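Undergrad: give me a 3D structure for the following:
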Amino acid sequence: MELPKELSETSGLFCDADGMFSLNDSGNAPVIYRVNYQGEIVERTRLPLTNRDWEAITADDTSFYIADVGNNKGNREKVEIHKVSRLNANDITTFTLKYAGNNASSNMPYAHDFDSEAMVKYGKELLLFSKSWRTGITHIYKINEGEIEQTINPFASIEGLPGVVTGVDFDPHQGKFVITGYKSDPFGNFATFIAQISQDYTLHDIWPLERYKQVEGVCVDNKGTYWFSEEATEGRNASLSSAHVTR
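TA: Numbering: from 1, shown residues only. You can find the predicted model right below:
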C-alpha cells in the first residue's frame, strides 16, 4: 500500500500493538508519525529537536529511541541517539557517539563503514547495526544508556549479506533478528532483500524483495508478521508492505 506523501522519506519503522511508528530522514521535520496498519497517519508528535539525518526508530515500554546517525558521505565525526519519554515528548536524553577509528576528514562518500540506518531495542540492550559501504561486513554496536558521550566499538559482525543494512527488528516469535537492506548502483537500480539473523549474529536466511527499491525500515508485529517501509524513489511512491516468513 502507498504511504502518504508526508512520509515520502520514511526511514525507520517500529511496530506497536495498535499500529506503527515512523519518521522521515535528512533534514525533514522532527516528527514521530503513528501509522495504522492501513498505512494512514493517525498521530503526529513534534519533538524539540533538529532532524539532521534521522534514520531509525525503536522503542520499549517507556521510551522511543531515535537514531540521528545518517552519515553516507562520512563527514560526521559524531552522531546522536535521542531517548524520548513516551509520556512526555519534552523529556529527552541525547547520547553522543563517536565510532572508534572514525576520521571524518579522510572518509570517502559511500566508501566507508562509519554509517548506520538500523537500530533495535533488544531486551535491555540498545543495538546499532552499521551500513558498511566499504567492506560489506555489518558491524554491531551496543549503546551504553548510562553514558551521555561515548566511543563505540563493534562487539559482533555479520558477513555474507548481499548489500547494506537499512533496518532491523527482533522477532520474538522465531527468536531471530530480521533485517532489510539493498545493493544499489548510480543508475537507480536496487537489489533489495530481507534476512533473518540468529541471536549469535549468524546469517540464517535471505529472501529477495524483487518489486521494491529503497526499503528503509522493518518491524515485527505482535502476530509475527513482518512489515517494511520503502522510501519514495523515481517512479515509485513511498510504500508499506507486509510478509509472512516461517521456517
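Undergrad: quick check, central residue of this protein?
TA: A118 (3.0 Å; CA atoms, centre = their mean).
Undergrad: what residues are up against A118?
TA: A118 is in contact with 55-56, 128-129, 131, 165-168, 179, 181, counting by CB atoms under 8 Å, 6 or more residues apart in numbering. C-beta coordinates here come from the backbone N, C-alpha and C atoms, glycine included.
Undergrad: is the residue nearest to the centre of the chain in a bridge, and if so with what?
TA: F129 (DSSP bridges).
Undergrad: could you do D16 as well?
TA: Partner residues in beta bridges with D16, using DSSP bridges, are G19.
Undergrad: surely E117 is in contact with V165?
TA: Yes. E117 sits in contact with V165 when judged by CB atoms under 8 Å, with a separation of 7.0 Å.
Undergrad: among those two, which residue is more densely surrounded?
TA: Higher neighbour count among E117 and V165: E117, with 29 against 26, using other CB atoms under 10 Å.
Undergrad: ok, back up a step: can you list residues touching both of E117 and V165?
TA: With CB under 8 Å, 6+ apart as the test, E117 and V165 both reach K131.
Undergrad: tell me the pLDDT of W133.
TA: On pLDDT, W133 comes in at 96.
Undergrad: next, it: secondary structure please.
TA: Put simply, W133 is coil when judged by DSSP: H, G, I helix; E, B strand; the rest coil.
Undergrad: contacting residues for K213?
TA: Counting by CB under 8 Å, 6+ apart, K213 makes contact with 182, 188, 190, 192, 230, 233, 236.
Undergrad: neighbours of the first one, how many?
TA: Pointing back at Y182 there. 21.
Undergrad: no further queries at this time; thank you.
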